[in-house]
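J.: A predicted structure for the sequence below; I have some questions about it.
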Amino acid sequence: MREPMWQLVAMLLFLLALPALSAGTENDAPALWITGLLAVTAAAAVPVVLKFAPLDDEES
Amino acid sequence: MTESTVPINVGTWLLAISVIVLLVVLLAVLHWKAPQAGPVGMFLAVVVAVVFFQAPWETIAVATGKGIWDAVFILLVIWPSLLLYQVGVASGAFEGLRQGLSRYSRNHVFLVLAFGWVFASFMQGIAGFGAPIAIVAPLLLAIGVRPVYAVAIPLIGHAWASMYGTLGVGWIALLQVVDIDDELGTALATAALLAPVTLVSGVTIAWMAGKGPALRLAWPLILIVAALHGGIQFVVMYWEPLLSNFLGGAAALAALYPLSRWSRFSRAADDITDRPAMRDDGESDAEEAEEPAVMSLPWALLPYALLTAVSVLTLTIPPVEDLLGRFELGFPFPEVTTGYDVTTEGESTYDPIAPLTHPGFALIVSVVVTWLAFRAQGFFTAQRRKEGEQPIFSGLVTNAAPASLAILSFLVLASVMEHSGQIEVLAEGIDAVLPPWLSAFSAAFIGILGAFITSSSTSANVLFGQLQQNIATGAGLNPTGFLAAQGAGGSVGNTFAPANIVLGTSTAGIVGQEGRVLRMTLPWTLAVGVLLGLLTLFFV
């Protein structure tokens, strides 16, 4: 998968985390908001990982 | 509500500022790309919040959710802006624009000022939220401006307009969070502080276009436009602050036509040879052997005319705005607190977005109508024959995905800092060590700091408006000057806010060069901050 597609996936992860964070905190459902936080962590890690481990098919 | 007990000392202040220092170092010193620097800053803000500011993870979850929602507001501008840009590239609209404008006025100083200052300010008056940067950067590229300058110029050009732009949203936000005794006086003082900012913007942009000779050429235009911007904004404050910036920007835009008929601005400025902002392969090379563009100037301007028309229709006619504004979207968040009793109230619908009055709506309508019209005219096919395949959607993802990641992480970072008390420590720490006159001088810098963190003058006002009033009252000074400095500083701070820079680098096709833009706009912002600080002393 090319870098922009990874970045798109990361962006979608950020956006998908939003309803989980809202519903989880509003309805006192820790499992839901923890899932949301994990999704955000994974999403934010993508560009950092790509910086230090660039994809083979990408120009630096 | 419980009073915050967060300790204000050197240690907590250094911890809070560390996030901002890290961002600046990563972007401007180590030349990291914004989508990479943003998440690292975000992670540090979370670590500082949890470990040192006693923020529970649930508070971090709420802050993160709100930050993402804040970013959605901006993403609704950036995605259609970038789509409009890709449609323009694939249809040859930018080439049509460049060729058409060079017949209309061949003076690069006039064109750079017209797009980068006057049109960017006008767009800020109606659309805002980064749209002027995202829209103007490719227009400047089309007339031969270097990419980094194409981003820096609209950032500088639109800065004065952020406070009262988007029909006064920054002012509305300030009124929401601060109980202002003298509303008119504060509005006038803010307008008085912003008037020299637009003049400095015009002078700076002319200097970029051709240094001293460009200034000697453009000074009548600069004075006329600055007087219209600053003068009309100031005078309209007596009647309706929400329309002040829009009317000033519209008057200046209208003034461009008679100015362009003046031979001073219609003929090429060939005697200006030192042109820092312009590409070396400027107009002359392009003119010699080029094929005619696939579309004429009026067609190339269609999306911007549509954008203006839809924005004016949906935002300046109260019954239409009321009707369209009834439909709102938002997420609920509960009240959260920290171990230091930094409490953030719950909201049944946090910062609802009205999609039909959002600037992104006008952009989407413009893109769809433009795409249909260009398709019907065969511009895409003609451009494909001329330049080969230029896929719209893969180009959109390539530019928009990294820009979106940067904006999401910056806004989450800002939200985490706010919910954990880091922003409170930053601002109160500055206040605690400064004598009253220096507090007044630094009021604009607090506004600038707020805009840097949040990339929004509106959010900066929400963050620091009440604090500025408290500082003034505590120091026994007139709050009018502090609030005006907050508004003006928040407006100017947009110039070097990372998320705003990313908006420009994405549509200028130079994602990853945010640090170069930052190094260009940072000194300007600090210099204007000093000017605002000195002027603030007259109002306190």
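T.: Perfect, thanks for sending it.

J.: what helix or strand is residue 15 located in?
T.: Let's take chain A. Element membership for A:Leu15 (DSSP states H and E) is helix A:3-26.

J.: I was thinking of chain B, sorry if that wasn't clear
T.: helix B:10-24.

J.: okay, now A:Leu13: neighbour count?
T.: 21 (other Cβ atoms under 10 Å in any protein chain shown). The C-beta positions use only the backbone N, C-alpha and C, and glycine is treated the same way.

J.: OK, contacts around it?
T.: A:39-40, A:42-43, A:46 (Cβ atoms under 8 Å, 6 or more residues apart in numbering or on different chains).

J.: same deal with B:Val492?
T.: B:159-160, B:162, B:197, B:444, B:447-448, B:451, B:525, B:528-529, B:532.

J.: and of those residues, the nearest to chain A?
T.: B:Ala451 (22.6 Å; Cβ to the nearest Cβ).

J.: nearest spatial neighbour of that closest one, chain-adjacent residues omitted?
T.: B:Gly493 (2.7 Å; Cβ to Cβ, 6 or more residues apart in numbering or on different chains).

J.: what's the pLDDT at residue 18?
T.: Assuming you mean chain A. pLDDT for A:Leu18: 97.

J.: right idea, wrong chain: chain B
T.: If you check B:Ser18, the pLDDT there is 93.

J.: isn't it right next to B:Leu44, touching?
T.: Yes: using Cβ atoms under 8 Å, B:Ser18 is in contact with B:Leu44, at 6.8 Å.

J.: circling back: ok, and the most crowded of the contacts of A:Leu13?
T.: With neighbours defined as other Cβ under 10 Å, the most crowded of the contacts of A:Leu13 is A:Val40; it has 30 neighbours.

J.: if I pick that residue, what's in contact with it?
T.: By Cβ under 8 Å, 6+ apart, the contact set of A:Val40 is A:13-14, A:17, A:21, B:64, B:68, B:412.

J.: do B:Pro147 as well
T.: B:141, B:508-510, B:513.

J.: as CSV, the residues you listed with distance to B:Gly116 would be great.
T.: What follows is those, written out as CSV (distance: Cβ to Cβ, whole Å):
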residue, distance to B:Gly116
B:Leu141, 11
B:Ala508, 12
B:Gly509, 17
B:Ile510, 16
B:Gln513, 18
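
J.: which of those residues has the most neighbours?
T.: Highest neighbour count within the contacts of B:Pro147: B:Ala508, with 28 neighbours (other Cβ under 10 Å).

J.: in the chain, which residue is most central in space?
T.: Using chain A. For chain A, A:Ala43 is the residue whose C-alpha lies nearest the centre (Cα atoms, centre = their mean; 1.9 Å).

J.: ah, I was thinking of chain B
T.: B:Gly130 (4.4 Å).

J.: re the thing from before, after the helix holding B:Leu15, next one along is what?
T.: Using DSSP H and E, the first helix or strand after helix B:10-24 is helix B:34-47.

J.: that next one - what's its average pLDDT?
T.: The average pLDDT within helix B:34-47 is 92.

J.: does that helix reach chain A?
T.: Yes: Helix B:34-47 lies within reach of chain A by Cβ under 8 Å from any Cβ of the partner chain, at B:35-36, B:38-40, B:42-43.

J.: any stretches of chain A with poor pLDDT?
T.: A:1, A:56-60 (pLDDT under 70).

J.: quick check: residues of it near chain B?
T.: Contact residues (Cβ under 8 Å from any Cβ) of chain A with chain B: A:4-5, A:7-8, A:10-11, A:14-15, A:17-19, A:21-22, A:24-26, A:30, A:33-34, A:36-37, A:40, A:43-48, A:50-51.

J.: report the buried members of these.
T.: A:4, A:7-8, A:10-11, A:14-15, A:17-18, A:21-22, A:24-26, A:33-34, A:36-37, A:40, A:43-44, A:46-48, A:50-51 (16 or more other Cβ atoms under 10 Å in any protein chain shown).

J.: of the contacts of A:Leu13, closest to chain B?
T.: For the contacts of A:Leu13, the residue nearest chain B by Cβ to the nearest Cβ is A:Val40; the value is 5.5 Å.

J.: could you say which helix or strand holds that closest one?
T.: helix A:30-52.

J.: now do that helix against helix A:3-26, angle only.
T.: 160 degrees (axes from the mean of the first three to the mean of the last three Cα atoms, to 10 degrees).

J.: quick check, B:Thr349 in a helix?
T.: No: assigned with DSSP: H, G, I helix; E, B strand; the rest coil, B:Thr349 falls outside any helix and is strand.

J.: who are the contact partners of the closest residue to B:Asp182 other than its chain neighbours?
T.: Nearest in space to B:Asp182, with sequence neighbours left out and distances taken as Cβ to Cβ, 6+ apart, is B:Thr480 at 5.7 Å. Contacts for B:Thr480 (Cβ under 8 Å, 6+ apart) come out as B:182, B:185-186, B:189, B:539-540.

J.: distance between the strand or helix carrying B:Thr480 and the chain's centre?
T.: Secondary structure from DSSP H and E places B:Thr480 in helix B:479-493. On the basis of Cα atoms, centre = their mean, to the nearest Å, helix B:479-493 sits 16 Å off its chain's mean C-alpha point.

J.: the inter-axis angle of whatever helix or strand comes next after that helix versus helix B:479-493?
T.: Using DSSP H and E, the helix or strand that follows helix B:479-493 towards the C-terminus is helix B:498-507. Interaxial angle, helix B:498-507 versus helix B:479-493 (the same axes, to 10 degrees): 30 degrees.

J.: quick check: B:Ala444 vs B:Glu428, distance?
T.: 17 Å (Cβ to Cβ, to the nearest Å).

J.: out of the two, which sits in the busier spot?
T.: Set B:Ala444 next to B:Glu428 and count neighbours by other Cβ under 10 Å: B:Ala444 wins out with 32 against 18.

J.: name the helices or strands packed onto the helix or strand encompassing the more buried one?
T.: In this assignment (DSSP H and E), B:Ala444 forms part of helix B:436-454. Packing contacts for helix B:436-454, counted by 3 or more Cβ pairs under 8 Å, 6 or more residues apart in numbering or on different chains; DSSP states H and E, involve helix B:10-24, helix B:392-420, helix B:422-433, helix B:457-474, helix B:479-493, helix B:514-536.

J.: could you dump those helices into JSON lines and include distance to B:Arg385?
T.: Below are these laid out as JSON lines (distance: least, Cβ to Cβ, whole Å):
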{"stretch": "helix B:10-24", "distance to B:Arg385": "45"}
{"stretch": "helix B:392-420", "distance to B:Arg385": "16"}
{"stretch": "helix B:422-433", "distance to B:Arg385": "55"}
{"stretch": "helix B:457-474", "distance to B:Arg385": "45"}
{"stretch": "helix B:479-493", "distance to B:Arg385": "46"}
{"stretch": "helix B:514-536", "distance to B:Arg385": "35"}
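
J.: which helix or strand contains B:Ile68?
T.: Going by DSSP H and E, B:Ile68 is in helix B:57-91.

J.: tell me the angle of that helix relative to helix A:3-26?
T.: Here the directions of helix B:57-91 and helix A:3-26 differ by 140 degrees (the same axes, to 10 degrees).

J.: residues of the helix or strand just after helix B:57-91 that come out buried?
T.: Per DSSP H and E, the first helix or strand lying C-terminal to helix B:57-91 is helix B:93-104. For helix B:93-104, the neighbour count (16+ other Cβ under 10 Å) marks B:93-102 as buried.
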